[in-house]
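J.: predicted model and sequence below, questions to follow.
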Amino acid sequence: MIGPGEESSDFTTDMALHENPNNENSEIFVEYSPALDSQWLEPYEEVTPEGDSIIARIPAGTPIQIEADNNDYLLPYTPEQDVNFYSYFQRPDGSGGIDEYHDVADTVFVQEKPQFLLAAGYTQGIFVSRQPLKTNGVAQYYQVTDENSSEVTSMEWSPDGDHLYIGYSNGQLVRLSNFNSAWTEDELTFDEDDYALERRVIHSGSGAVMDIEVDYSQGRGADASERVAIAIGGYQGSGKIRVSDQAASVEGIGTFEDVWNVPSEFLGLPAYSVVMDINDPELLIAGTEYGIWYSGDNGATWSEANNGEMVRVPVFDLRQQKRSPWNVANGGVVYAGTHGRGIYKTNYLLTPTSVEDITDEVPVLNELKVFPNPVTSRASVSFDLGNTADIEMYVYSIDGRLIEAFQEQRVGAGVNRQIDFDASNYARGQYILQLRVGDDWNSAKFVVTR
C-alpha cells in the first residue's frame, strides 16, 4: 500500500476512511459511450449533412444510469443533447484526408459524485487513495506528506472530506487541507510542483493524540461542522479531552479547550478514545483507563457510564454508527473495544427508525436490496420510500436487454418496503433490477443460479 518497492517497519497502521456518496466538488468524470445493445438507445435513422449515418440515439432528457469507474455505484445522468450511435462516421484528418469510423457513438463525461478517501499513516509519511473501493483495477495511492514529526497515533477526515486530521505521539495535531481541490497525482503528491495541499500544526501539547472525532451533525456538504474533539493519552496532567469549534479554519489554530472536568482522582488517567453524538455534538463519550465516561453538556460535567456487564476496564476504542437511519438499522449505536474484555455496545443513542420519525427525511427511493442473492426461484426486493407512490419495476440482463416489466404497484412510504417476484424462468447469470418512481430510480444487481 505504501508504494512500489517500499516497506514499513510500523507495528500498527493508523487508517481513516471518508465516504461521501454525493460530493459536488468531485473532479472525477466517467467517459461514457453507449454500445449498440445499450438499454438506453432507441432506434433512429438520419444521415447528417456531414454524411454520418445515425441508427440509434439516447434522446436528450432521457434519465440513464452509468457505472462508476472507482466504485460500484450507478451514476444518474440526463443528457442535455442527443447521444447518437453511428453506423458510419467521418471527419477530416487535418491533412487533406478523411478518417472513417464504423459502429461508434458520441461520448459524454459524467461527474462521479460518490467519492471515497482512504488515508494510512506510516513512518515514511501519509499515503492517500481516492480509489479504495476500486474493483476494476489496482487502486492508486499517493504520498501526501513526508513530515511525520513522530509516530502517527490517530487520523480522521473532516465531514466534507476537505481536511485530514493527524494525531502524533508527541502531542501534535496536524491538519492537512484542500483535498477538495486536489484530484490529480501532481496535486496530491507532496514533492510535485502542483502540490495543492496545506499542512498546519493546529494543536501542540503533552501526551499522544490517541483519537480524533469530528462532528457529523451538519452533514458532509458545504455547511459541514468544524467541530473536532481529541483524546489525549499518558498518565498525569489534565485536559485529556479537548474540543475546538473551528478546527478547520485559520482561526482554529490553538483553539482546543480543556473539557475534561472529572473528579480530581481521575484527571490524570489517559483517555484513549472520544465520540461526539451524531445528533447532539455537545454529548461526549470518552474511553479511558477507567472505562467509559459521559457528558451531556459539552464537558462541563462528566458521569461514569460503567454499568451492567460493563465494568471499569480500559476502553481503547469507541465508534458510533454515523450513517442515516434509512441506510442502517443501528444508526447512533456506540461500540466500545476494551482491553481483554471484548467489544460492548450501547443502544442509548440509537437513532429512532419508525416511519413516523423519519419518513420526512427518507430519500424518494433508496437502499435497494435483492434477497436472497443468489436467487434460485422466488426473490424479493426491499427499499426505502420517502412518499407513497406508484412503483415501476423492471429486470434487465447484464448487457442491458429488458427481461421483464412488472405491473405498476402502489407502495406506502417508509423503510424496508418489499416487493416479491418470480425469477424461476430466468436463465443462469447476472441481472439488474430497477425500480422507478416518476423521474427517480434506483437499481440493484442479483445473480440467478440453479
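T.: The structure has been received and is ready for your questions.
J.: remind me which residues of the stretch 51-200 of the chain are low pLDDT?
T.: Scanning the stretch 51-200 of the chain for pLDDT under 70 picks out no residues.
J.: just the helices in it please.
T.: 185-188 (DSSP state H, counting those that start in this stretch).
J.: strands of that one, start to end?
T.: 53-58, 64-67, 74-77, 83-92, 98-105, 108-111, 115-122, 125-129, 141-145, 152-157, 163-168, 173-177, 198-203 (DSSP state E, counting those that start in this stretch).
J.: how about the ones you listed in TSV, adding distance to A229 and mean neighbour count?
T.: C-betas here are computed from N, CA, C, even on glycine. Below are the strands of the stretch 51-200 of the chain laid out as TSV (distance: least, Cβ to Cβ, whole Å; neighbours: other Cβ atoms under 10 Å):
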stretch	distance to A229	mean neighbour count
strand 53-58	49	20
strand 64-67	38	17
strand 74-77	35	18
strand 83-92	49	18
strand 98-105	52	12
strand 108-111	33	16
strand 115-122	19	22
strand 125-129	21	22
strand 141-145	23	20
strand 152-157	10	23
strand 163-168	11	25
strand 173-177	11	23
strand 198-203	11	17
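J.: would a markdown table of the ones you listed with distance to M276 be doable?
T.: Shown next, in a markdown table, are the strands of the stretch 51-200 of the chain (distance: least, Cβ to Cβ, whole Å):
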| stretch | distance to M276 |
| --- | --- |
| strand 53-58 | 46 |
| strand 64-67 | 36 |
| strand 74-77 | 32 |
| strand 83-92 | 46 |
| strand 98-105 | 49 |
| strand 108-111 | 31 |
| strand 115-122 | 20 |
| strand 125-129 | 24 |
| strand 141-145 | 26 |
| strand 152-157 | 11 |
| strand 163-168 | 13 |
| strand 173-177 | 16 |
| strand 198-203 | 17 |
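J.: for F406, find the nearest of the ones you listed.
T.: Taking Cβ to Cβ, strand 64-67 is the member of the strands of the stretch 51-200 of the chain nearest to F406, at 18.4 Å.
J.: tell me which other helices or strands the closest one touches.
T.: Strand 64-67 is packed against strand 29-32, strand 74-77, with contacts defined by 3 or more Cβ pairs under 8 Å, 6 or more residues apart in numbering; DSSP states H and E.
J.: kindly recompute the last result at 7 Å.
T.: When contacts are defined as 3 or more Cβ pairs under 7 Å, 6 or more residues apart in numbering; DSSP states H and E, strand 64-67 packs onto strand 74-77.
J.: now do the strand it packs on: everything it contacts.
T.: Under the criterion Cβ atoms under 7 Å, 6 or more residues apart in numbering, residues 30, 63-68, 110, 112, 443 lie in contact with strand 74-77.
J.: can you check stretch 436-450 too?
T.: With Cβ under 7 Å, 6+ apart, stretch 436-450 has contacts from 63, 65, 74, 364-366, 368-370, 373-376, 379, 381, 389, 391-392, 423, 426-435.
J.: just the buried ones from those, in PyMOL syntax?
T.: Of these, the buried ones can be selected in PyMOL as follows, counting by 16 or more other Cβ atoms under 10 Å:
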select buried, resi 65+74+364+365+366+368+370+375+379+381+389+391+392+423+426+431+432+433+434+435
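J.: now intersect the contacts of stretch 436-450 with the strands, please.
T.: By the criterion of DSSP state E, membership of the contacts of stretch 436-450 in strands covers 65, 74, 365-366, 368-370, 379, 381, 389, 391-392, 429-435.
J.: if we can go back for a sec, to G287, which of the strands of the stretch 51-200 of the chain lies closest?
T.: Taking those one by one with Cβ to Cβ, strand 152-157 is closest: 12.5 Å.
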